[in-house]
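*Asks:* mind folding the following:
(2 chains)
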Amino acid sequence: EAGVAQSPRYKIIEKRQSVAFWCNPISGHATLYWYQQILGQGPKLLIQFQNNGVVDDSQLPKDRFSAERLKGVDSTLKIQPAKLEDSAVYLCASSLDSGGNQPQHFGDGTRLSIL
Amino acid sequence: DAKTTQPNSMESNEEEPVHLPCNHSTISGTDYIHWYRQLPSQGPEYVIHGLTSNVNNRMASLAIAEDRKSSTLILHRATLRDAAVYYCIDYALNFGKGTSLLVTP
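*Replies:* Numbering: from 1, shown residues only, chains lettered A, B, ... in the order given. Coordinates of the predicted model:
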C-alpha cells in the first residue's frame, strides 16, 4: 500500500512569512496527526483529526498555526506568521482509527527552515 | 510532557540481542504501549505495541512488566540497520527523546 505522502520535502522562508504543508494519509485511515519535531527532540503532537473533526489540538499554537482536513482525507497545516522557533520537521501520520490499539504510519516530513 | 523515560543511548554489537528499557509509571490501565524507531531524515517507523501480554512480531519482541509500569523492547539479533532512535510511548501521541541505539560490527 502507498504510504503517507507529504509535500514539500523542504521549505525555507523568512520570519513573518507564511507557509503551508500538505499531507495525504494512507487510504482508509480515519485518523490523521500532525507533529512538530525540533532537532534533537522527539515528535510533539500538534493536532489530531478523526475524519474531518478535531480530536485534540491542545498543543497547537493557535495564534499562528492552523490545520484543516475538510473532506476527511488529505490535510494542510499552515503557519502564519512564522517565527524562528518554528524551524523544525513537520511530520504527518495516519492510523485506521484513534484507538490506542492502532499503530501510526508516518510520512518523511517537511523540513522547515526559518531565516 | 512525555510520560515515559528511556536511557539516552545504548550500544550493542552486531548479531547480539538488545534490550531497550522504558519506564511508564503513569500509564493507565487501558493505554497501549507503542514502540517506534526513527532513522535520520525519515519519519518514525512503527515497531510493535501491546497492552498486557508479551508480544512478538517479525521485527522485535515486547516484554511488558506485570504492573505495566515498564516494558522492554527486544531485538533478538541486532544488525547495522537497527541503528536508530527508539521511542516508547504510553498513549501513542507524545514522544520523549528516545534511546539512540548504536550497533557496532
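*Asks:* tell me if residue A:29 really is in a helix.
*Replies:* No. Counting by DSSP: H, G, I helix; E, B strand; the rest coil, residue A:29 is not part of a helix but coil.
*Asks:* ok, it touching residue A:98?
*Replies:* No. Contact criterion Cβ atoms under 8 Å: residue A:29 and residue A:98 do not qualify, at 10.4 Å. Just so you know, the C-beta spots here come from the backbone N, C-alpha and C atoms, and that holds for glycine as well.
*Asks:* backbone dihedrals for the closest residue to residue B:25 other than its chain neighbours, both of them.
*Replies:* Leaving aside its sequence neighbours, residue B:25 sits nearest to residue B:69 (Cβ to Cβ, 6 or more residues apart in numbering or on different chains; 4.7 Å). Backbone geometry at residue B:69, expressed as degrees, to the nearest 10, gives phi -90, psi 0.
*Asks:* residue B:69 contacts residue B:24, doesn't it?
*Replies:* Yes. Using Cβ under 8 Å, residue B:69 is in contact with residue B:24, at 6.4 Å.
*Asks:* contact partners for the residue nearest to residue A:9 when sequence neighbours are not counted?
*Replies:* Of all residues not flanking residue A:9 in the chain, residue A:110 sits nearest, at 6.4 Å (Cβ to Cβ, 6+ apart). Shown in contact with residue A:110 (Cβ atoms under 8 Å, 6 or more residues apart in numbering or on different chains): A:6, A:7, A:8, A:9, A:10, A:11, A:21, A:89, A:90.
*Asks:* please redo it, this time with the cut-off set to 7 Å
*Replies:* Neighbouring residues of residue A:110 by Cβ atoms under 7 Å, 6 or more residues apart in numbering or on different chains: A:6, A:8, A:9, A:11, A:21, A:89, A:90.
*Asks:* of these, just the buried ones, ChimeraX syntax please.
*Replies:* Typed into ChimeraX, the next command selects the buried ones out of the contacts of residue A:110 (criterion: 16 or more other Cβ atoms under 10 Å in any protein chain shown):
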select /A:6,11,21,89,90
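*Asks:* could I get the contacts of residue A:110 as CSV with secondary structure and distance to residue B:29?
*Replies:* Formatted as CSV, these follow (DSSP: H, G, I helix; E, B strand; the rest coil; distance: Cβ to Cβ, whole Å):
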residue, secondary structure, distance to residue B:29
A:6, strand, 35
A:8, coil, 42
A:9, coil, 41
A:11, strand, 42
A:21, strand, 36
A:89, strand, 34
A:90, strand, 33
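*Asks:* next one, pLDDT for the residue nearest to residue A:9 please.
*Replies:* pLDDT for residue A:110: 97.
*Asks:* for chain A, what are the nearby residues on chain B?
*Replies:* With the criterion set to Cβ under 7 Å from any Cβ of the partner chain, chain B comes near chain A through B:2, B:31-32, B:34, B:42-44, B:46, B:49, B:87, B:91-98.
*Asks:* 10 Å instead, please
*Replies:* B:1-2, B:4, B:6, B:28, B:30-36, B:38-39, B:41-51, B:85, B:87, B:89-98 (Cβ under 10 Å from any Cβ of the partner chain).
*Asks:* can you pull up the most central residue in chain A?
*Replies:* A centroid search over chain A (Cα atoms, centre = their mean) returns residue A:34, at 2.8 Å, as the residue closest to the centre.
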